[in-house]
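A.B. asks: Here is the input, now give the coordinates:
(4 chains)
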There are 2 protein chains.
Amino acid sequence: MDVAKAAGVSTATVSRAMQRDGVVSPATREKVLEIAASLRYRPNNLARGLARRQNSLIGVVVGDITNPFYPEVIERLTKRLTNAGLHTMLVNMVDGVDIEETLSPLLAYQVKATVFVAAPYTSDACEICRSHDIPCFLLNRYVRRRDITSVTCDNLAGGRLVAELLLNAGHRKLAYISGRPDTSTNRDRAKGFSDALRDRGHPPCIIEPGGAYSYEAGYKAALRLIPAQHEIDAVFCANDIVALGALDALRHALGMKVPNDISVIGFDDIAAASWPAYDLTTIRQPLERMIDVLVSAILRGDAADSDKKPGLVAIPGELVARSSARLSERPAASSHPLRTTGAGIDRLATQR
Amino acid sequence: MDVAKAAGVSTATVSRAMQRDGVVSPATREKVLEIAASLRYRPNNLARGLARRQNSLIGVVVGDITNPFYPEVIERLTKRLTNAGLHTMLVNMVDGVDIEETLSPLLAYQVKATVFVAAPYTSDACEICRSHDIPCFLLNRYVRRRDITSVTCDNLAGGRLVAELLLNAGHRKLAYISGRPDTSTNRDRAKGFSDALRDRGHPPCIIEPGGAYSYEAGYKAALRLIPAQHEIDAVFCANDIVALGALDALRHALGMKVPNDISVIGFDDIAAASWPAYDLTTIRQPLERMIDVLVSAILRGDAADSDKKPGLVAIPGELVARSSARLSERPAASSHPLRTTGAGIDRLATQR
DNA sequence: TTGAAAGCGCTAACAA
DNA sequence: TTGTTAGCGCTTTCAA
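C.D. replies: Residues are numbered from 1 along each chain as shown, chains lettered A, B, ... in the order given. Now for the predicted structure:
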């Protein structure tokens, strides 16, 4: 109103000038914008959201933030959303707290969409959002609904790749330390791994349930696994944080040499994987691209109308070969033909 | 409106019934609430915010999320805010991006308050918020304004404690690897450390500028420090993530034994500090209490009226003695009289 | 204890 | 291209 008065126009014109594609003459727009700036005026997003019947808030639902992969996700996602003119409302999904209650702020603020990142009970949560007509997007997980877009790393292929690499290097007795059993990531990584073994005519691997995606889970699982199964020479872990735990248990509690006694491979490529104390061989999730795809989908408003069919996007991961796994035949030299980012503290030089 | 119709009352009454302390007869309230529930009605927070002229959004501004300490902060803070009926709007402050632009969503959504967690340029950012009459709260940092409440760990005392422990254990040549130079945490930890040395008549320590709070900064700083200064027998790092980097450099690049050749102490007590690969002695920040204090201050609306004078709260940290530092005189046995959480993977058993 | 009515700050028809 | 007008969904005086 003040701006309108000062510019000698109506509030409607000010409103139009403040919007990117409002219909105004360039001259008035410039004048209005100038006066608005000098008056330090900013449109009130609450009122705007109310009038437009949709706002720029995106609900981001996270769970277990113990896993260092998720902070990386949250940071990048928030930045990308900001660049797209969207804003992040962060909600923490806590085991044992009522889902509807957890989600209620998102519903109350009429978020434009929700993205579920690493939250358990995704399936129920999506149900609730959908029943309130809020589009849902999943990152790093999926559910079996057709009206929900999800973007993941190709976990199936990742699991296969790991199995093949290990078999090619002559490992004989493989094990898998699982993560949270009720997650699609865990299922797919395990399935890819097992499938590859079966396809190669190899006996199935031992599966040691970790129960959670945490350092502690990996540590304890390794402790249970190894004394029970002496000949194991390679362990694929459901993700990096589990692998770090396993690695520490193998080395510090069981006194094993990695990779001489046993190879360890993770999944994600979190920052700590590149630290010399671990130097973990892993499958890197293509996070940038995953988030790109996700944010584009949100902007397109996928799943809003059902003919643009949303879907499951799975982007291939990339092997990052470091020293925690022997990836060539024993007698051979340490170098091998696989693409690698180089061993050691390779990421120190790159921007993180 | 639907609820009002179904209950045979006015919308005003529904509104009153939906608020905690609205003036309604218990009977009508119950009836309204019941109908509201059955109609799955939820008040629209945008409209509510508009009408009430304040909402339940709290702007949480973070910077460098590379440091694992901050995810822990964000998670706990979000949970606590949620429990208090407040909601988190997360904003990422990126080096080089215009501050006002970064903050603009918070202003546009008329957040009830902002809390700055580990963001650079805090001082300018607070200025902007205050000029828009938004209360500011700082966690883990402070500025020199009287109208801004800040809650930190007692970094001065923490720095002193570290120096005293190291001197008591007979260390002679001490060094400090600094973090970001423009932060109050860095200044205070360094100052406490130096002050204690001076008070004990010990020559000042070498200060190696890390330049940032990151693993890489610690790694590189240690690499510069050690070859240049051969006799150093203890390093205090500005925080844990820096210490982990330093530790890896000392062990893996410089081939030193910790703590035999050199003691390393950090600050924060992040999860990774307890991992056997590091087993880092550190000062634990009393995060729960810090956040308690902070959220209470927000709820009280400190800094809203200036007579309840807001202030700088500094809560003492706690030593967590692990194996990365020798804390007793060399000839003595490995046990020592200081309180300790126990060495090794002590946190594995605790809830995290 | 309740209802009527005005208004929070903005946008979006509809006219002009 | 602009102004007028009617809401968006809620809260809150003010009366009753």
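A.B. asks: A:K79 contacts B:V94, correct?
C.D. replies: Yes: contact between A:K79 and B:V94 holds when scored by CB atoms under 8 Å: they sit 6.8 Å apart. Heads up, the C-betas are built off the backbone N, CA and C, glycines and all.
A.B. asks: Quote the end-to-end distance of stretch A:246-262.
C.D. replies: With CA to CA, to the nearest Å as the measure, stretch A:246-262 spans 11 Å from end to end.
A.B. asks: Check which element follows the helix or strand bottoming out on mean pLDDT in chain A along the chain.
C.D. replies: Least confident helix or strand of chain A, by mean pLDDT, DSSP states H and E, is helix A:122-131 with a mean of 92. On the C-terminal side of helix A:122-131, the nearest following helix or strand under DSSP states H and E is strand A:136-139.
A.B. asks: Pull out the buried positions in that following strand.
C.D. replies: A:136-139 (16 or more other CB atoms under 10 Å in any protein chain shown).
A.B. asks: Can you name the next helix or strand after that strand?
C.D. replies: strand A:149-153.
A.B. asks: helices and strands around that next one, which ones?
C.D. replies: strand A:136-139, helix A:184-199, helix A:287-300, strand A:312-315 (3 or more CB pairs under 8 Å, 6 or more residues apart in numbering or on different chains; DSSP states H and E).
A.B. asks: how about the residues of the stretch 151-300 of chain A near chain B?
C.D. replies: Residues of the stretch 151-300 of chain A lying close to chain B (CB under 8 Å from any CB of the partner chain) are A:214-216, A:219-220, A:244, A:247-248, A:251-253, A:271-272, A:275-278.
A.B. asks: Please pick the buried ones from those residues.
C.D. replies: Buried among those (16+ other CB under 10 Å): A:214-216, A:219-220, A:244, A:247-248, A:251-253, A:271-272, A:275-278.
A.B. asks: what mean pLDDT does stretch A:104-121 have?
C.D. replies: In this model, stretch A:104-121 has an average pLDDT of 93.
A.B. asks: what do you get for stretch A:137-144?
C.D. replies: Averaged over stretch A:137-144, pLDDT sits at 92.
A.B. asks: Then stretch A:263-270?
C.D. replies: Rounded mean pLDDT across stretch A:263-270 is 98.
A.B. asks: need the residues of chain A near DNA strand D, please.
C.D. replies: A:8-13, A:16, A:23-25, A:27-29, A:47, A:50-51, A:53 (CB under 7 Å from any atom of the strand).
A.B. asks: ok, for A:A190, nearest residue in space, not its chain neighbours?
C.D. replies: Of all residues not flanking A:A190 in the chain, A:Y176 sits nearest, at 5.7 Å (CB to CB, 6 or more residues apart in numbering or on different chains).
A.B. asks: ok but that neighbour is inside a strand, no?
C.D. replies: Yes: counting by DSSP: H, G, I helix; E, B strand; the rest coil, A:Y176 is part of a strand.
A.B. asks: follow-up on the earlier one: now list the buried members of the residues of chain A next to DNA strand D.
C.D. replies: Neighbour counting over those (16+ other CB under 10 Å) leaves A:9, A:13, A:16, A:24, A:28-29, A:50 as the buried ones.
A.B. asks: In helices, which of these appear?
C.D. replies: A:13, A:16, A:28-29, A:50 (DSSP state H).
A.B. asks: Please tabulate those in TSV and include distance to A:S38 and pLDDT as additional columns.
C.D. replies: Shown next, in TSV, are these (distance: CB to CB, whole Å; pLDDT from 0 to 100):
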residue	distance to A:S38	pLDDT
A:T13	17	95
A:R16	19	95
A:T28	16	94
A:R29	15	95
A:L50	27	95
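A.B. asks: and these as a markdown table, adding distance to B:G159?
C.D. replies: A markdown table is the format used below for these (distance: CB to CB, whole Å):
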| residue | distance to B:G159 |
| --- | --- |
| A:T13 | 59 |
| A:R16 | 57 |
| A:T28 | 59 |
| A:R29 | 55 |
| A:L50 | 50 |
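A.B. asks: Which ones, among those, also lie beside chain B?
C.D. replies: A:L50.
A.B. asks: Surely A:I298 and A:V115 touch.
C.D. replies: Yes: between A:I298 and A:V115 there is a contact at 7.2 Å, judged by CB under 8 Å.
A.B. asks: what's the overlap in contacts for the two?
C.D. replies: A:58, A:137 (CB atoms under 8 Å, 6 or more residues apart in numbering or on different chains).
A.B. asks: Mean neighbour count, the helices and strands packed on strand A:149-153: which tops it?
C.D. replies: Mean neighbours per residue, mean count of other CB atoms under 10 Å in any protein chain shown, is largest over the helices and strands packed on strand A:149-153 for strand A:136-139, with a mean of 26.
A.B. asks: so does that strand get close to chain B?
C.D. replies: No: residues of strand A:136-139 are not located near chain B by CB under 8 Å from any CB, the shortest gap being 15.6 Å.
A.B. asks: Mind giving me the packing neighbours of that strand?
C.D. replies: Counting by 3+ CB pairs under 8 Å, 6+ apart, strand A:136-139 packs on strand A:113-117, helix A:122-131, strand A:149-153, helix A:287-300.
A.B. asks: which other residues reach the last one?
C.D. replies: Looking back up the chat, that one is helix A:287-300. Residues from elsewhere that reach helix A:287-300 (CB under 8 Å, 6+ apart): A:58, A:72-73, A:76-77, A:80-81, A:84, A:86, A:112-113, A:115, A:135, A:137, A:139-140, A:149, A:151-153, A:303, A:308, A:310, A:313, A:315.
A.B. asks: Drop anything exposed from the residues you listed.
C.D. replies: For the contacts of helix A:287-300, a neighbour count by 16+ other CB under 10 Å gives the buried set as A:58, A:72-73, A:76-77, A:80-81, A:86, A:112-113, A:115, A:135, A:137, A:139-140, A:149, A:151-153, A:303, A:310, A:313, A:315.
A.B. asks: and the residues of chain A next to DNA strand D near DNA strand C, which?
C.D. replies: Near DNA strand C, judged by CB under 7 Å from any atom of the strand, the entries from the residues of chain A next to DNA strand D are A:11-12, A:47, A:50-51.
A.B. asks: what's the farthest-apart pair in those?
C.D. replies: A:A12 and A:L50 (16.4 Å; CB to CB).
A.B. asks: tell me the contacts of A:Y213?
C.D. replies: A:64, A:66-67, A:179-180, A:183, A:238-239, A:241-242.
A.B. asks: Please tabulate those residues in JSON lines, including the columns secondary structure, distance to A:R284 and pLDDT.
C.D. replies: Formatted as JSON lines, these follow (DSSP: H, G, I helix; E, B strand; the rest coil; distance: CB to CB, whole Å; pLDDT from 0 to 100):
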{"residue": "A:D64", "secondary structure": "coil", "distance to A:R284": "20", "pLDDT": "78"}
{"residue": "A:T66", "secondary structure": "coil", "distance to A:R284": "20", "pLDDT": "84"}
{"residue": "A:N67", "secondary structure": "coil", "distance to A:R284": "15", "pLDDT": "92"}
{"residue": "A:G179", "secondary structure": "coil", "distance to A:R284": "17", "pLDDT": "95"}
{"residue": "A:R180", "secondary structure": "coil", "distance to A:R284": "21", "pLDDT": "93"}
{"residue": "A:T183", "secondary structure": "coil", "distance to A:R284": "19", "pLDDT": "91"}
{"residue": "A:A238", "secondary structure": "coil", "distance to A:R284": "15", "pLDDT": "98"}
{"residue": "A:N239", "secondary structure": "coil", "distance to A:R284": "12", "pLDDT": "97"}
{"residue": "A:I241", "secondary structure": "helix", "distance to A:R284": "15", "pLDDT": "98"}
{"residue": "A:V242", "secondary structure": "helix", "distance to A:R284": "16", "pLDDT": "98"}
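A.B. asks: wait, which of those is closest to chain B?
C.D. replies: Within the contacts of A:Y213, the smallest distance to chain B is 6.3 Å, found for A:T66 (CB to the nearest CB).
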